[in-house]
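>>> The sequence isn't on hand, but the structure is:
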């Protein structure tokens, strides 16, 4: 009986499912509150993200004229389902992943990309000009930020000698924080996550002063709520991955909360410090600098692994053992 109930609890309740959805709402509130306080505003009350979600879920979902209705309805569901599935392989709340296999890091990265792909397809599926522009920007930004973010997470994976998230987390727990040994990758991972989630100053795909809500302009009700929930879940998973890889791993729930909140404080500060960048600035500058810096650091890590057996005896002989 336990073998039947346990996977259902894991997927639907904890540490995935409802926990991820609820914790995503909590982090949305913290993010909005921090940005508001940094900008000398009061910010929302603690229940505002939940109230917004319930209100959207209760509203009628209007399907615009000229869209593929099935695709219009399915895309938000696929987006949030992909984000929730990625949480199965990540050490949420400091608990070992319930499902883990060699190479699950690659699967998680692909699942985290589904959100942007679904948003791009959702915008391209409509006839609204704002949605089309937002979809073009979202997909363009996806290609610019996915590669640096991937390279930034490959650094700790190569250092640990595995592509399995749980083993990388275990390796990070017993070694120096990789944010100190691989600072370039750490910075690129944070900026790349903000770009993936279209957080300011990388929110050109949904710039409300230019293109209303971008690719999601035509969405309302349940579809819009699901897109917001999926983005919140991706925020929690992204912060968890960066914490487990670069901040000495995640040992327990308290460790999970402290490290992810510290990263959320950093992202909120960056959102408040910088004005929105144009799409050509977010794409061109970051693709050239971010990808090249991450690639150089990755090559340095690989070279260090190959040269370590030769350098170590030389240093021992030079410094007398």
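Ah, there it is. The shown structure was predicted, so the numbers you read here are calculated from the model rather than taken from an experiment. Numbering: from 1, shown residues only.
>>> Now do the SS call for the residue nearest the centre of the chain.
Centroid check for the chain by C-alpha atoms, centre = their mean gives residue 238 as the closest residue, at 3.4 Å. Going by DSSP: H, G, I helix; E, B strand; the rest coil, the secondary structure assigned to residue 238 is helix.
>>> My guess is it contacts residue 197. True?
Yes. The pair residue 238 / residue 197 is scored as a contact, 7.2 Å apart, by C-beta atoms under 8 Å. Every C-beta, even on glycine, is put in place using the N, C-alpha and C of the backbone.
>>> still on that earlier bit, and the closest residue to the residue nearest to the centre of the chain other than its chain neighbours, what does it touch?
In this structure, residue 238 finds its nearest non-sequential neighbour in residue 193, 4.3 Å apart by C-beta to C-beta, 6 or more residues apart in numbering. Applying C-beta atoms under 8 Å, 6 or more residues apart in numbering, one finds that residue 193 lies in contact with 149, 235, 238, 239, 242, 267.
>>> which of those residues are buried?
149, 235, 238, 239, 242, 267 (16 or more other C-beta atoms under 10 Å).
>>> surely residue 122 meets residue 219?
Yes. Residue 122 is within contact range of residue 219, at 6.8 Å (criterion: C-beta under 8 Å).
>>> shared neighbours of the two, anything?
Counting by C-beta under 8 Å, 6+ apart, the residues touching both residue 122 and residue 219 are 76, 227.
>>> all helices for the stretch 151-300 of the chain, in order.
Secondary structure of the stretch 151-300 of the chain (DSSP state H, counting those that start in this stretch): helices at 165-173, 178-181, 183-196, 208-211, 221-246, 253-273, 279-280, 286-318.
>>> weakest of the ones you listed by average pLDDT?
Sorting the helices of the stretch 151-300 of the chain by mean pLDDT places helix 286-318 lowest, at a mean of 69.
>>> which SS class is residue 62?
Applying three-state DSSP: residue 62 is coil.
>>> residues near the closest residue to it other than its chain neighbours, how many?
Counting by C-beta to C-beta, 6+ apart, residue 220 is the residue found nearest to residue 62 once chain neighbours are left out, at 5.4 Å. Applying other C-beta atoms under 10 Å, we find 16 residues neighbouring residue 220.
>>> what do you get for residue 133?
Neighbours of residue 133 (other C-beta under 10 Å): 21.
>>> who touches it in this structure?
By C-beta under 8 Å, 6+ apart, the contact list for residue 133 reads 211, 214.
>>> Roughly how far does it sit from residue 108?
Distance of residue 133 to residue 108, given as C-beta to C-beta, to the nearest Å: 30 Å.
>>> Correct me if wrong: residue 255 contacts residue 93.
No. Applying C-beta under 8 Å as the test, residue 255 and residue 93 come out as separate, 9.5 Å apart.
>>> what about the stretch 51-200 of the chain, any weak spots by pLDDT?
Nowhere does the stretch 51-200 of the chain drop to pLDDT under 70.
>>> what about 80?
Low-confidence segments of the stretch 51-200 of the chain, defined by pLDDT under 80: 66, 94, 96, 98, 142-144, 147.
>>> thinking again about what came up before, mind checking which of the helices of the stretch 151-300 of the chain is nearest residue 141?
Comparison of those against residue 141 by C-beta to C-beta identifies helix 183-196 as nearest, at 6.2 Å.
>>> Flag every buried residue along that closest one.
For helix 183-196, burial by neighbour count (16+ other C-beta under 10 Å) applies to 184-196.
>>> cool, stretch 31-44 as well?
The neighbour-count check on stretch 31-44 (16+ other C-beta under 10 Å) flags 31, 32, 33, 34, 35, 43 as buried.
>>> need the contact list for the closest residue to the last one other than its chain neighbours.
Closest residue to residue 43 in three dimensions, ignoring its sequence neighbours and counting by C-beta to C-beta, 6+ apart: residue 36, at 2.9 Å. When contacts are counted by C-beta under 8 Å, 6+ apart, residue 36 is found next to 42, 43, 44.
>>> Residue 52 too?
residue 228.
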